[in-house]
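**Q** just need the structure, nothing else, for what follows:
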Amino acid sequence: MTKDKRVTSYDVAREAGVSQSAVSRVFRPGLSVSKKTREKVMTTANKMGYRPNAIARMLITKQSGMVAVIVSSRANVNYPEVLSQVSKQLAARNKRVLLFTLDNAEGGDELFEQIWTFQVDGVIALAAHFDHNSLDKFKEHKIPVVLYNRNVPDALANTVCCNHELGIKQLVNELKLNQPKNYLVISGPEDSDVATERREIALKQLEKHGEQQVSVLYGDYSYQSGRDCLAQWLKSNPAPDAIICSNDIMAVGVIDEAREHHNIDVPNDMSVVGFDGVSSSSWFNYQITTIKQPLEQLTKAAVDMLLEHIENPDSPPETRVITGTLIEGNSVKRP
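**A** Okay, the predicted model is just below:
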C-alpha cells in the first residue's frame, strides 16, 4: 500500500483478520461487537491511521449525522449553556450540531433552504419563532423538529417546555403575600412565543385573584429594555407595588433603574420578580425571586425526543413539561 493511499475499512479488516462488517460495527455506536474483536480492530486501526469516512457512513445509514440548532440573537443569557448542553448530548449520540440564527420571519425561507441543502437529520429550535407554515415545511421534507421551551398554539409539534404556568402561579403567590394594590407586567417582545405565553399566564393569574389595576409594557428581554420600561412608566405614573418581568435580565434592569434614578427601594417600596434563574439574578445586589429553569433536564429531553423521532419518523408528536424551581430571593416584600 502506498503512503498516499487512504486506509479503508477493508484494509483494516484484512490486517486484523476480521470481516469488513466487523470493522464497521466497531465504528458505529450502539452496534453489537465482542470486546476481543473491538480491541483487535481499534489496535489495528490506530496503527494504520484509519478513520471512518463520514460521507460513506451517511450513504449507508441514510443519515447525515448532523442536527440543525436554530437560535435567535434575542435568546436569553441561558442559551450559551443550553447550546453547550445540547452539543454535548448530541455528540455523545454521534451527532454534530449545525448552528443557524433566525431573528425574524422574513429570513425563514433562506434559512430553510440552507437546512435542506445540508440534509440534516433533525432540528432543535432553541429561540426562534416558528408558526404553522414553518412546521409544515419541515414535515414536507420529512425532517423532525423539536421546539425548545416554546409552544405553537393548536399545532401538532414536538415540544419540551418549562412549566411556565406553575412557575408564574408561584411568583404571583409570592407577590400576593404583601397584598399589592397595583401591578406592572413587563413582557418580552410581542412576537416571542415564550413572552406571549408568560404574559398571558400572568394576566390570567392576576385576573383570577381579582386584580383590577394591571398594566403591560413590552421590552425585548434586554437589561436596557427593563430600565427603559420602568422609566417610561414613571414619567406619568406612580411606582407600581409589584412588577412581573418576563425574564431575569429585564428584572435586573428594573431594579437598577428604580434605585439609581428614582430613589425607589426594592423590595420595600416595590416588589420585582423575574423568570429563568440566570446567574446574575442571584448576585448580592439583586437576589431576585424567580423560577430557575431545569436546563439539564430540558436539554436532555429535547435531544432524546428528537433522536426518537429520527429513528421512528411516524411517531406521533409529543409534549414534555418539566417543572422549574422557585427561588425565594430578596426582591419581594414580605409581610
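**Q** how many residues are close by Met168?
**A** Quick fix: residue 168 reads Ile, not Met. Other residues within reach of Ile168, judged by other Cβ atoms under 10 Å, total 25. All C-beta spots, glycine's among them, are computed from the backbone N, C-alpha and C.
**Q** and what of Asn268?
**A** 9.
**Q** could you measure the residue nearest to it when sequence neighbours are not counted against Thr323, distance?
**A** Nearest residue to Asn268 in three dimensions, chain neighbours excluded: Lys333, at 5.9 Å (Cβ to Cβ, 6 or more residues apart in numbering). Remark: distance between Lys333 and Thr323 (Cβ to Cβ, to the nearest Å) = 26 Å.
**Q** between these two, which has more neighbouring residues?
**A** Lys333 (21 against 14).
**Q** how far away is the more buried one from Val216?
**A** Separation of Lys333 from Val216 (Cβ to Cβ): 22 Å.
**Q** next: Gly324.
**A** Counting by Cβ to Cβ, the separation of Gly324 from Val216 is 23 Å.
**Q** more crowded one of these two?
**A** Gly324 (22 against 14).
**Q** quick check: nearest residue in space to that one, chain neighbours excluded?
**A** Nearest non-adjacent residue to Gly324, counting by Cβ to Cβ, 6+ apart: Ile291, 4.3 Å away.
**Q** which helix or strand in this structure has the lowest average pLDDT?
**A** Lowest mean confidence among the helices and strands of the chain (mean pLDDT, DSSP states H and E): helix 54-61, at a mean of 50.
**Q** what about the residue lying closest to Asp193 once chain neighbours are set aside, neighbour count?
**A** Leaving out its chain neighbours, the residue that sits closest to Asp193 by Cβ to Cβ, 6+ apart is Arg150, at 4.1 Å. Using other Cβ under 10 Å, the number of residues around Arg150 comes to 23.
**Q** which SS class is Arg150?
**A** In three-state terms, and counting by DSSP: H, G, I helix; E, B strand; the rest coil, Arg150 is coil.
**Q** got the buried residues for stretch 35-51?
**A** Neighbour-count burial for stretch 35-51, counted by 16 or more other Cβ atoms under 10 Å, picks out 37, 40-42, 44-45, 50.
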